[in-house]
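Q: here is the input, now give the coordinates:
(2 chains)
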Amino acid sequence: MSTKIDFSKMERLTPRADSWDKVCARLDAENAKSKIISIKSWYSAIPLAASFVLVSLTAVLPSFTSDIEQENSSAEYVSINNSAPSEVLSWYESLGNSASDEFETLEETVGFSYLIKE
Amino acid sequence: MDEKVILQHLKSGSREALSLLWQAQSANVLNLAFRMLKDRDEAEDIMMDIFVQIPKKIQGFQGQSALATWLYRLTVNECLMKLRAQKRHRELEEEHLDTIVEDALGKIEGFDTSDFDPELLEMGLNALNAETRSMLWLKDAEDLDVKDLAEIYKMPEGTIKARLSRARTFVRKYLNERKENAKKGA
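A: The predicted structure follows:
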């Protein structure tokens, strides 16, 4: 364009010799800084995660222990139907059905052997 | 290396690609910043700031304009921010410039500026405000298109053309006045 201003005689600057090195140093420093920040954020995440685990454990553990207790109690329970002889069972079932205490009618040896067995 | 390839490498954080961009564009960025700030040290600082920011800012660059245009826009914005922060933007108001230009229009349009002392030309350029000065520098010294300038300054092409025309006329008038004064003095 003919109307252009001619700037060709004006001094044209060139970057100083150490400018690129300074840029690189600043970039390295920024990279190192961002790494430190990510480590810091990681460290702050650890207590957060630990507290989350603790809270969830306190919520979940009671249900586990109740299951275990139930299993234990079911394991320890021995039904009288499985272990007692028929005489004891019939005596046991008839308890409270009559006015007289029929304990005396239970043969002593049978009752005694049951107690020993237990 | 192709600009698209450089852009890809820059986005992946390649220092080598940044080095190539530095070799190709650092002087242009420095000269533009110097034209705007009128201070060599501040211009160097701006140039380094911009190249340090590139690895982050390039992630948002979609490649719709040339890499150089994008860099010029970063430079202009950084310089304007610096000028505003320093409150050093005490230069000729656009209205004042318009008045001068209207007086001078037509008479000095074809005035030859090539036989002028570069220092005097620099003084004439420095009499413009920073934005117009950078615009004129990019158009006449760096040979950018009006389209690129419209992209850099986010202005319509017509506005850019008008401001360039006014700025050229102002600089020519400034030089002419100094020449006349020198003749009278001699």
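Q: so which residues on chain A come close to chain B?
A: A:2-16, A:19-20, A:22-24, A:26-27, A:30 (Cβ under 8 Å from any Cβ of the partner chain). Placement of C-beta: from N, CA and C, glycine included.
Q: let's see it at 7 Å
A: A:3-7, A:9-16, A:19-20, A:22-23, A:26-27, A:30 (Cβ under 7 Å from any Cβ of the partner chain).
Q: quick one: which of these sit in strands?
A: Counting by DSSP state E, no part of those is found in strands.
Q: going through the residues you listed, which ones are buried?
A: With neighbours counted by 16 or more other Cβ atoms under 10 Å in any protein chain shown, the residues of chain A next to chain B contain buried members at A:Ile5, A:Phe7, A:Met10, A:Leu13, A:Pro15, A:Ser19, A:Trp20, A:Lys22, A:Val23, A:Leu27.
Q: what is the burial count for the residue nearest to B:Leu164 when sequence neighbours are not counted?
A: In space, and not counting its chain neighbours, B:Leu164 is closest to B:Lys139: 5.6 Å by Cβ to Cβ, 6 or more residues apart in numbering or on different chains. Residues lying near B:Lys139 (other Cβ atoms under 10 Å in any protein chain shown) number 23.
Q: B:Lys139: what secondary structure?
A: The three-state assignment at B:Lys139 reads helix, by DSSP: H, G, I helix; E, B strand; the rest coil.
Q: that one reaches B:Ala150, doesn't it?
A: No - using Cβ atoms under 7 Å, B:Lys139 is not in contact with B:Ala150, being 11.2 Å away.
Q: care to break chain A down by domain?
A: Following automatic domain parsing, one finds the domains of chain A at A:18-77, A:78-118.
Q: hey, where'd the helices end up in the chain?
A: You didn't say which chain, so I picked chain A. A:19-76, A:80-83, A:86-94, A:108-117 (DSSP state H).
Q: that's the wrong chain, I wanted chain B
A: With helices called from DSSP H, chain B shows them at B:3-11, B:15-37, B:40-57, B:67-86, B:94-104, B:118-126, B:130-136, B:146-153, B:157-185.
Q: for chain B, list the residues in contact with chain A, please.
A: Close to chain A, as judged by Cβ under 7 Å from any Cβ, chain B has residues B:22, B:26-27, B:30-31, B:34, B:40, B:44, B:47-48, B:51-52, B:55, B:109, B:113-114, B:118, B:121-122, B:136-137, B:140-141, B:168, B:171.
Q: what is the neighbour count of B:Asp49?
A: 17.
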